[in-house]
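1. Provide a 3D model corresponding to the input given below.
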Amino acid sequence: MKSVFEEVVEKLDAKGITVVLDGPSIVYVHRKTGYKLVEFIDGLGPSAERLALEGELKQALKDAKRLITVPLNQNQLGALASFISHIGVDNFASSEVCFALNEAKYENVPRLMQRFRVGRIGPHTRPQVRADYIARRRYEAELFATPDHLNWQAELDDVQATLYPAQRNLNFNELRAILRLAKKRAYNKLGIFY
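-> Okay, the predicted model is just below:
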């Protein structure tokens, strides 16, 4: 299932307009004439992106609660919200991940999530295994497998400041590294060496 943005990009591409993301701006280039239109979203910037992402995640969370019949902890819900918002609710509803969950086979879910690693890089390319999808699935699987009783969020700020002090937009490999270290510190505080 394509995102709304991907659908718009494809429609504009068919009309001879290339869409280029340039930091906080979107540039539309008419290929025949070379005219450019720059849409500055800097006034909203990261706040608008965050609000859009929060809206997608909230909808994915509602979809997860509607489709899954077994109890889930907050970490599992968070992982599934990310997963569903990325692959689409229809793909999730018909996936082995959803079936395994509804059969209470929680231990199979992280492995099954890893199968969703193929996508297109551009509108006219063949689907291929994508490193960014692999990283996202690993993060989601790590979060899904995190027990709810583990107070890893208390360690989060210190870990992020230690690993990535100046960086604000982290990729999924970095987010997973932060999560793993926060979990390790939380387990160590419980006297469990992870």
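2. Buried ones in stretch 56-69, by neighbour count?
-> By neighbour count on 16 or more other Cβ atoms under 10 Å, the buried set for stretch 56-69 is 56, 60, 61, 63, 64, 67, 68. Just so you know, the C-beta spots here come from the backbone N, C-alpha and C atoms, and that holds for glycine as well.
3. Identify the farthest-apart pair in those residues.
-> Farthest pair in these (Cβ to Cβ) is 56 and 68. Separation: 18.0 Å.
4. Give me the contact list for the host helix or strand of residue 187.
-> According to DSSP states H and E, residue 187 maps onto helix 172-189. Contact with helix 172-189 is made by 132, 135-136, 138-139, 142-143, 146, 150-156, 158-160, 162-164, 167, 170, 193-194, as judged by Cβ atoms under 8 Å, 6 or more residues apart in numbering.
5. Please narrow the residues you listed to those residing in helices.
-> 132, 135-136, 138-139, 142-143, 153-156, 158-160, 162-163 (DSSP state H).
6. Which one of those residues is nearest to residue 103?
-> residue 143 (20.9 Å).
7. I'd like the average pLDDT over stretch 164-180.
-> Across stretch 164-180, pLDDT averages out at 83.
8. worst-scoring helix or strand of the chain, pLDDT-wise?
-> Least confident helix or strand, the chain: strand 36-40 with a mean of 58, by mean pLDDT, DSSP states H and E.
9. In terms of helices and strands, where is the residue in the chain sticking out farthest from the centre?
-> In the chain, the residue that sits farthest from the middle, by Cα atoms, centre = their mean, is residue 33; the gap is 36.8 Å. Using DSSP H and E, residue 33 sits in no helix or strand.
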